[in-house]
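# have a look at this prediction, sequence included:
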Amino acid sequence: MRATQLFCPTLKEAPNDAVMPSHQLMIRAGLIHQISAGIYSYLPMGVRVLKRIEAIVRQYLDPVAQEVLLPVLIPSGLWQQSGRWDKYGPELFRIVDRHNNDFCLGPTHEEVICSLASYGIRSYKQLPVTLYQIQTKFRDEIRPRSGLMRGREFSMKDAYSFHATAECLDRQYDTMMGIYHALFEALGLATTCVPADSGAIGGDQSAEFVTQTEEPIELGHIFKLGHVYSAPMQAEFHASNGQQQPFFMGCYGIGIGRTMAAIIEAHHDADGMCWPPAVAPFQLVIIVANTKNTTQMTEAQALYDRLNAQYSVVLDDRDSSVGAKFKDANLIGYPLQVVVGKHIEAQAVEVIDRRSRASTQVPLSGIDAYIQTVVQAWQ
RNA sequence: CGGGGUAUAGCGCAGCCCGGUUAGCGCACCUGUUUUGGGAACAGGGGGCCGCAAGUUCGAAUCUUGCUACCCCGACCA
């Protein structure tokens, strides 16, 4: 991608409204744009990071769960059956269709998944089953805050497991707990798991996954729901004795946008973001010090054509001063900066590691190998 | 919802107390010239219903009242 074509409006100063570093940096680096309280647009840079996070979430979940996509728009009947249409309160976004039927915008999907499970799972022989989705949720929060930390519209990974027995549920709950630790670690976050109050979701046992930054951030929450939803929703299967029984259920959530904010809280400095390479929007930026210098521009272009075939690369071909390009590169937090500048006459470029700030002169002939070594070390 | 704050150009701000030229500054943006290794310089230029509504007044960004939006703290959450 060429910087001259990239839709990435950056700011020198943070908007007054943004207080937390992650919120300020996401706005300054052109990742998000606020539309209303707790409601944001994601720009290309933000979407790229979001997709990287989602890819890692899928990588860790796919071995133990299958991805589905449930509707956002949910008819009130399902929620009346679980009893939550009345219990959930004003946090539930409610809307009415042209036939005067009530719907809500899904804040969580126990009811919908119960409906799906009763349809698709008839026998104990099919159990256990775990389904998950990554989807936008809607909650009319009392107080949205701190950018993506608590929104009224936010992306969540929610998984639901179905079991014939409580013991089977226990096993999947433990499995998920292990997966969550590994998953967050892959995202660059050290988490601790603490017992929690089950809150509005309900259930027998639950635990929160918390990462410690300036303040603790709750990134995930897992629940043993038991029969809390399956009984009233009549989500049942045929047991080996022929009797109908409600599923033992578990549910497992991760806030995707909040995780993105937490990663920034954990990985930034005074100049901007220091992405773990696994979630960076691009792997490297090629900075052309002086775009009017034909040699620099030609060599940078050739380098870009080669590297872009293997890595995600931005070519900063903007006609601004080199200082401005460094500032933006540091702000956006490309893990590697390749500077094509004055040393090009001596057939050399400079490679800067964003996190360590280490700078290395690399001969042009060896640049591909050098970058390959660095990128391999990331994994 | 309780408490606190803010609202003037895309972003950051001044002006308001004490009403009175055409509402101003920095950044960003456009044109030109010169620049190019850590947010360049000069010259010229565009962009405002001063959050909304009523009121006071000859006259309101400025005073009064009401409303709305947004931010922060709390309870809650992913």
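On my side now, so go ahead. As the structure is a prediction and not an experimental result, all values here were calculated from the model.

# which residues of the stretch 201-350 of chain A lie near RNA strand B?
A:201, A:208-209, A:218-221, A:253-255, A:257-258, A:271, A:289-293, A:319-324, A:326-331, A:339-343, A:349-350 (C-beta under 7 Å from any atom of the strand). (Glycine included, C-beta is placed from N, CA and C.)

# pull out the buried residues from those residues.
A:201, A:208-209, A:218-221, A:253-255, A:257-258, A:289-291, A:293, A:322, A:326-331, A:339-341, A:343, A:349-350 (16 or more other C-beta atoms under 10 Å).

# on that earlier part again, which of the residues of the stretch 201-350 of chain A next to RNA strand B fall in strands?
Mapping those onto strands (DSSP state E) picks out A:208-209, A:218-221, A:253-255, A:339-340, A:349-350.

# and of those, the nearest to RNA strand B?
Among these, A:Gly255 lies closest to RNA strand B (C-beta to the nearest atom of the strand), at 2.7 Å.

# how about the nearest residue to the closest one, chain neighbours excluded?
Nearest non-adjacent residue to A:Gly255, counting by C-beta to C-beta, 6 or more residues apart in numbering: A:Met156, 5.7 Å away.

# can I get the host helix or strand of that neighbour in CSV, CA atoms only?
In this structure, A:Met156 sits in strand A:153-163 according to DSSP states H and E. Output of strand A:153-163 as CSV, limited to C-alpha atoms (Å, rounded to 0.1, in the frame of the first residue of the first chain):
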residue,chain,number,x,y,z
GLU,A,153,-22.0,-1.2,19.7
PHE,A,154,-19.0,-3.5,20.0
SER,A,155,-17.5,-6.6,18.4
MET,A,156,-17.6,-9.8,20.5
LYS,A,157,-16.5,-13.4,20.2
ASP,A,158,-19.2,-15.4,21.9
ALA,A,159,-19.0,-19.2,22.1
TYR,A,160,-21.6,-21.6,23.4
SER,A,161,-21.1,-25.2,24.3
PHE,A,162,-23.7,-28.0,24.6
HIS,A,163,-23.3,-31.1,26.7
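
# what are the buried residues along it?
Result for strand A:153-163 [16+ other C-beta under 10 Å]: buried residues A:Glu153, A:Phe154, A:Ser155, A:Met156, A:Lys157, A:Asp158, A:Ala159, A:Tyr160, A:Ser161, A:Phe162, A:His163.

# nearest to RNA strand B, of the residues you listed?
Proximity to RNA strand B was ranked across the buried residues of strand A:153-163 by C-beta to the nearest atom of the strand; first place goes to A:Phe154, at 3.5 Å.

# contact partners for that closest one?
A:Gly38, A:Thr136, A:Lys137, A:Arg139, A:Leu148, A:Gly255, A:Ile256, A:Gly257, A:Arg258 (C-beta atoms under 8 Å, 6 or more residues apart in numbering).

# state the helix or strand in which the third one lies.
What that stands for is A:Lys137. Judged by DSSP H and E, A:Lys137 forms part of strand A:129-138.

# from A:His267, how far off is the residue positioned nearest the centre of chain A?
With distances taken as C-alpha atoms, centre = their mean, A:Ile256 lies nearest the centre of chain A, 3.4 Å away. Computed with C-beta to C-beta, to the nearest Å, the distance linking A:Ile256 and A:His267 is 17 Å.

# please enumerate the helices of the stretch 1-150 of chain A.
Secondary structure of the stretch 1-150 of chain A (DSSP state H, counting those that start in this stretch): helices at A:21-28, A:44-61, A:76-82, A:84-87, A:110-120.

# weakest of those helices in terms of mean pLDDT?
When the helices of the stretch 1-150 of chain A are compared on mean pLDDT, helix A:84-87 scores lowest, with a mean of 93.

# list the helices and strands that one packs on?
Judged by 3 or more C-beta pairs under 8 Å, 6 or more residues apart in numbering; DSSP states H and E, the packing partners of helix A:84-87 are helix A:76-82.

# one more time with 10 Å, if that's ok
helix A:76-82, strand A:102-105, helix A:110-120 (3 or more C-beta pairs under 10 Å, 6 or more residues apart in numbering; DSSP states H and E).
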